[in-house]
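Q: Quick check, what structure comes out for this input:
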Amino acid sequence: MEQKRELKRNLGVATAMALVVGCVIGSGVFFKPQAIYTATGGAPGLGMIAWVITGLASIAAALTFAEVAIMIPKTGGMVAYLEEIYNPVVGFLAGWVQTILFYPAMISALAVVCAQQAGLFIGDGFTVPLAIGIIILIIFLNNLGSKVGGSIQVVFTVCKLIPLVLLMVFGFVKGSGANPIFSPMVGDGLSPAVVLGQLMVAILFAFEGWTGVGAIAGEMKNPSRDLPIAIVGGVSVIMGVYFIINIAYLWVLPASELASLTAPASAVALKVFGDIGGKIISVGIMISVFGACNGFVLSGSRVAYSLAAEGNFPFSKNLARLNNAQVPTNSIILVGGIGCVYAISGQFNLLTDLAVFSSWTFYTLTFIGVMKLRKDRPDAVRTYKVPLYPVVPIIAVVSGVYVIVNQLFMSGLQSTVLSVGSIIIMLVGLPVYAVVKKNKDKKKTTANAEKILT
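A: Take a look at the predicted model:
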């Protein structure tokens, strides 16, 4: 009889926090300033304030998310949370969307932008094959074991912070500091209320990924102690880095110029360090994005594994199989393989927009779940509680609802089409769930019959 293998609990708080920081600090910090200052009409004020507002909203979300993650510290993250809070159908749909859409879209988007940066060194025309090659490399590395994948995350997180720190330090040292930072708020003729909504949606992408650590709770040594530290500490570090580096950008170049640049970090480095600086930052961007891509493969594959381990996904027997390194090799290949297919599009913004909307419906349900659990299980042991309850969860829920409404109705036709497409993919999960459940029930009935006969 084949011995049942279980995931090793060998991931500590350093790896978990690195996963949060590594998944989040990727492409957004390098590319989103253009969208931000374009929305503000080249004015810096509201853009800087939006980084703080969105950061605080993300911390509220992280504080809320942590309570659920601690109460239900299972590998699979939101799949496990929503299944236990609501019902198996909601949990399945979360896992279905994450496995088929969210994680592969994020993996492919990050691989595409990493390949685009590599184009500065090897020339244009290789973006798609190089992006696919990057994903395949990460699949291979993650199949060597969770400790290898986790170690890669720590190393690349440290490496990505080096160019960011250099930009922040030398931006202030060598920049003129003559450019306005907090005024004017927006350009002439623009409504601050309307612009703020656009900014928050853009910046939320830059904060995307902090929930990924919940997916590996089942492999953490001490999730009750380490998980809230990893989530809240990681998001706080990210918020500080984002705010400071955006001041550094403005210390060197005005917001009106940043609005016209697709890679403001490289432009700032060029200004500060000369020609070689742009190349150095391009390498830093590649390292940063590679680390983020690795983080999404690591956490995304555990979502697929969690569903398969319970027999709640097509081809569960294969997807739940662990290799000799005790990692779900087929789940890693599935999530990464779909990412390779998406990467054929070569479209960074389209893929990230699709991914962000697909995730926030279930984030919001998770935030609501905190209040539902407080009502349904008032006497449950809670080693961690959301501070300032219920204010913090309400802030998280309102933020989530706003993102969903904004993407569906307020951000233009393309955003609406992508959002509707995401909803359709989610609904396709309903008949898939029905088939999987029918097969699972049939196997259970057969097994019970055989047991009675023997």
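
Q: What lies in contact with stretch 161-170?
A: Identification of contacts with stretch 161-170 by CB atoms under 8 Å, 6 or more residues apart in numbering yields 25, 29, 241, 244-245, 248, 265, 268-269, 272-273, 280-281, 283-285, 287-288. In short, each C-beta sits where N, CA and C put it, glycine included.

Q: How far off centre is it?
A: Stretch 161-170 sits 23 Å away from the centroid of its parent chain (CA atoms, centre = their mean, to the nearest Å).

Q: do stretch 228-246 as well
A: 14 Å.

Q: For Lys221, give its distance to Asn323.
A: Distance, Lys221 to Asn323, using CB to CB, to the nearest Å: 22 Å.

Q: Any idea which helix or strand in this structure has the lowest mean pLDDT?
A: Among the helical and strand segments of the chain, the one scoring lowest on mean pLDDT, DSSP states H and E is helix 13-24, with a mean of 74.

Q: Which secondary structure elements does that helix sit against?
A: Here helix 13-24 touches helix 146-174, helix 223-252, helix 275-309, going by 3 or more CB pairs under 8 Å, 6 or more residues apart in numbering; DSSP states H and E.

Q: Out of those, which is the most enclosed?
A: helix 275-309 (a mean of 25; mean count of other CB atoms under 10 Å).

Q: okay, the angle between it and helix 13-24?
A: Angle, helix 275-309 to helix 13-24, by axes from the mean of the first three to the mean of the last three CA atoms, to 10 degrees: 110 degrees.

Q: How about the helix or strand following helix 275-309, which residues are buried there?
A: Going down the chain from helix 275-309, the next helix or strand is helix 316-319, by DSSP states H and E. Using 16 or more other CB atoms under 10 Å as the test for burial, helix 316-319 gives 316, 319.

Q: Helix 316-319 - what's its average pLDDT?
A: Confidence over helix 316-319 (mean pLDDT, whole number) is 84.

Q: Mind listing residues that contact it?
A: With CB under 8 Å, 6+ apart as the test, helix 316-319 has contacts from 304-305, 307-310, 313, 328, 330-331, 334, 436.

Q: Where does confidence bottom out across these?
A: Where pLDDT dips furthest among these: Glu310, at 80.

Q: where's that residue relative to Ala304, distance?
A: Noted for Glu310: a distance of 12 Å to Ala304, by CB to CB.

Q: cool, and Pro192?
A: To Ala304, Pro192 is 43 Å away according to CB to CB.

Q: Also Ile25?
A: In terms of CB to CB, Ile25 sits 25 Å off from Ala304.

Q: Neighbours of Asp379, how many?
A: Asp379 has 5 neighbouring residues, counting by other CB atoms under 10 Å.

Q: Would you mind measuring from it to Leu373?
A: Distance, Asp379 to Leu373, using CB to CB: 11 Å.

Q: now do Ala62
A: Using CB to CB, Ala62 is found at 17 Å from Leu373.

Q: neighbour-wise, which of these two wins?
A: Higher neighbour count among Ala62 and Leu373: Ala62, with 26 against 19, using other CB under 10 Å.

Q: Shouldn't that one be within a strand?
A: No: counting by DSSP: H, G, I helix; E, B strand; the rest coil, Ala62 is not found in a strand; it is helix.

Q: so what's it scoring on pLDDT?
A: On pLDDT, Ala62 comes in at 84.

Q: ok, it touching Ile229?
A: No: taking contacts as CB atoms under 8 Å, Ala62 lies outside contact range of Ile229: 11.1 Å.

Q: Return the distance of the longest helix along the chain from the chain's centre.
A: For the chain, the longest helix by residue count, based on DSSP state H, is helix 413-453. Computed by CA atoms, centre = their mean, the chain-centroid distance of helix 413-453 equals 25 Å.

Q: Tell me which other helices or strands that helix touches.
A: Judged by 3+ CB pairs under 8 Å, 6+ apart, the packing partners of helix 413-453 are helix 88-97, helix 348-376.

Q: closest to Val113 out of the ones you listed?
A: Ranking these by proximity to Val113 (CB to CB) places helix 348-376 first, at 4.9 Å.

Q: Just after the closest one, pick out the following helix or strand.
A: Remark: after helix 348-376, the chain's next helix or strand is helix 391-405, criterion DSSP H and E.

Q: buried sites along that following helix?
A: For helix 391-405, the neighbour count (16+ other CB under 10 Å) marks 392-397, 399-400, 402-404 as buried.

Q: okay, those residues in a markdown table with distance to Ser415 and pLDDT next?
A: Converted to a markdown table, the buried residues of helix 391-405 look like this (distance: CB to CB, whole Å; pLDDT from 0 to 100):
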| residue | distance to Ser415 | pLDDT |
| --- | --- | --- |
| Val392 | 28 | 92 |
| Pro393 | 27 | 95 |
| Ile394 | 26 | 96 |
| Ile395 | 24 | 95 |
| Ala396 | 22 | 94 |
| Val397 | 21 | 95 |
| Ser399 | 17 | 89 |
| Gly400 | 16 | 88 |
| Tyr402 | 14 | 84 |
| Val403 | 11 | 82 |
| Ile404 | 11 | 87 |
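
Q: hang on, the earlier thing: now for the contacts of helix 316-319, which pair is the farthest apart?
A: The distance between the two most remote of those (CB to CB) is 17.6 Å, for Pro328 and Val436.

Q: who has more neighbours, the two?
A: Comparing Pro328 with Val436 by other CB under 10 Å, the one with more neighbours is Pro328, at 28 against 20.

Q: Spatially nearest residue to that one (excluding sequence neighbours)?
A: Residue nearest to Pro328 in three dimensions, not counting chain neighbours: Tyr305, with 3.8 Å by CB to CB, 6 or more residues apart in numbering.

Q: same deal with Pro228?
A: Ala66 (4.3 Å).

Q: Could I get the contacting residues of the one you found?
A: Ala66 makes contact with 227-228, 231-232, 384, 386, according to CB under 8 Å, 6+ apart.

Q: Just the element for it, please.
A: In this assignment (DSSP H and E), Ala66 forms part of helix 45-71.

Q: Any stretches of the stretch 51-200 of the chain with poor pLDDT?
A: The model of the stretch 51-200 of the chain has pLDDT under 70 over residues 75-76, 146, 149-150, 153, 157.

Q: For stretch 121-137, buried residues please.
A: By 16+ other CB under 10 Å, the buried positions in stretch 121-137 come out as 127-128, 130-136.
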